[in-house]
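Chemist: sequence first, then the predicted structure:
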Amino acid sequence: MARMFSFLLVVLLSTLMIIFAKKEEHDHHDHHNHHDEKGQQRQIRLTCIGDSITEGGGGCMTDSYVSLLAQKLGDQYSVLNAGVSGRTMLKKGVLNSSLQPYSYWDTDAWQKALSSDPDIVTIMLGTNDAKYYNWEGMQQNLGDYYTLDYVDMITQLRKKTNVKEIFIMVPPPITIPNVFDMNQTIINQIFPTLVPNIANVTSVKLIDLFTPMSATDYTCDGCHPTHAGNEVISDTMYEAIKKFSHH
């Protein structure tokens with residue numbers, strides 16, 4: 001199966017590369033212009049798209065990494081938490097075995113993200129897509145629709161906002177097999193390769209959260225991060241975003 005996945009992934013991403021081959025860095029000429037109409041410095045607007053790990057709380061009932069990141073970035077940034085628990089990147093994603101539709105695309109948060117006039121957007125979706133009734137049920141375990149829907153979200157952000165930089169993130173590992181019906185192989189083995197490939201094809205920035213979050217078990221339930229885990233996530237994001245801002 002791994003060889004078949006690799007082959008299909010290469011074919012799919014090769015096709016997407018043709019689509020994005022002539023796509024230049026979005027708004028490159030205005031890459032770091034954060035001034036209002038009067039030329040005065042304004043806050044940099046950051047919108048964080050994701051699921052329960054982004055929204056916060058979850059099984060650990062702790063502050064979200066978004067709130068910690070906002071504190072670290074300071075008053076220069078305006079940060080919007082657009083995370084919604086349980087949601088998928090898959091447009092046809094479902095909540096559980098009842099097959100209730102539960103895609104991020106159908107949320108008010110997605111509409112708020114589009115209307116937030118962001119300078120920077122971060123995306124971390126996939127953990128709920130790895131549930132067996134989503135990944136295997138919707139796409140025969142190959143990741144094709146997940147990839148296509150991910151590319152479409154990036155495309156929609158570029159078309160409908162003036163976003164200057166998009167960061168997509170490799171989700172943290174899960175530490176208990178099949179926790180919340182999630183396929184550990186998808187999250188811990190496929191995403192660390194697939195998400196960087198999507199970033200490369202679409203010319204967005206990548207933030208690897210899988211590696212630093214693998215150092216120890218930073219979860220309270222095998223999936224949701226503890227406060228210490230959210231500190232690691234926010235620190236990693238802070239370094240990437242500040243590097244971009246000072247580029």
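Modeler: Alright, I've got the coordinates.
Chemist: in this protein, where is pLDDT below threshold?
Modeler: Scanning the chain with the threshold set as pLDDT under 70 gives 1-40, 139-142, 246-247.
Chemist: middle-most residue in it, spatially?
Modeler: Residue closest to the average C-alpha location in the chain (CA atoms, centre = their mean): Met124, at 1.8 Å.
Chemist: quick check: bridge partners of it?
Modeler: On the basis of DSSP bridges, Met124 takes part in beta bridges with Gly50.
Chemist: what about it, distance to Gly57?
Modeler: Met124 sits 16 Å away from Gly57 when distances are taken as CB to CB, to the nearest Å. Every C-beta, even on glycine, is put in place using the N, C-alpha and C of the backbone.
Chemist: over to Leu125?
Modeler: 17 Å.
Chemist: show me which of those two is the more surrounded one.
Modeler: Neighbours were tallied for Leu125 and for Gly57 using other CB atoms under 10 Å; the higher tally belongs to Leu125 (29 against 14).
Chemist: so what's the backbone phi/psi at Thr88?
Modeler: phi -120, psi 160 (degrees, to the nearest 10).
Chemist: how many residues are close by it?
Modeler: Considering only other CB under 10 Å, Thr88 is surrounded by 28 other residues.
Chemist: and for Ser97?
Modeler: Ser97 has 11 neighbouring residues, counting by other CB under 10 Å.
Chemist: what do you get for Leu69?
Modeler: Residues near Leu69, counting by other CB under 10 Å, number 23.
Chemist: how about the nearest residue to it, chain neighbours excluded?
Modeler: With CB to CB, 6 or more residues apart in numbering as the criterion, Leu69 has its nearest non-adjacent residue at 4.2 Å, and that residue is Ser234.
Chemist: helix/strand/coil for the one you found?
Modeler: Following DSSP: H, G, I helix; E, B strand; the rest coil, Ser234 is assigned to helix.
Chemist: touching, it and Leu68? I think so.
Modeler: Yes - in this structure, Ser234 is within contact of Leu68 by CB atoms under 8 Å, at 3.9 Å.
Chemist: circling back to that earlier point, for the residue nearest to Leu69, give its distance to Ser103.
Modeler: 26 Å.
Chemist: how about Glu165?
Modeler: 25 Å.
Chemist: pop out the phi and psi values for Ala82.
Modeler: Phi and psi for Ala82, reported as degrees, to the nearest 10, are phi -110, psi 30.
Chemist: against Ala109, how distant is it?
Modeler: For Ala82, the distance to Ala109 - CB to CB - is 4 Å.
Chemist: now swap in Phe244 and tell me
Modeler: From Phe244 to Ala109 the distance is 23 Å (CB to CB).
Chemist: compare neighbour counts for the two and give me the winner.
Modeler: Taking other CB under 10 Å, Phe244 and Ala109 do not tie; Ala109 has more neighbours (20 against 15).
Chemist: so what's Ile166 up against?
Modeler: 26, 120-123, 154, 157-158, 202, 204-205 (CB atoms under 8 Å, 6 or more residues apart in numbering).
Chemist: what about it, is that helix, strand or coil?
Modeler: strand.
Chemist: which residues does it bridge with?
Modeler: Beta-bridge partners of Ile166, as defined by DSSP bridges: Val121.
Chemist: which residues sit in contact with the closest residue to Gly58 other than its chain neighbours?
Modeler: Leaving aside its sequence neighbours, Gly58 sits nearest to His224 (CB to CB, 6+ apart; 3.5 Å). Counting by CB under 8 Å, 6+ apart, His224 makes contact with 52-53, 58-60.
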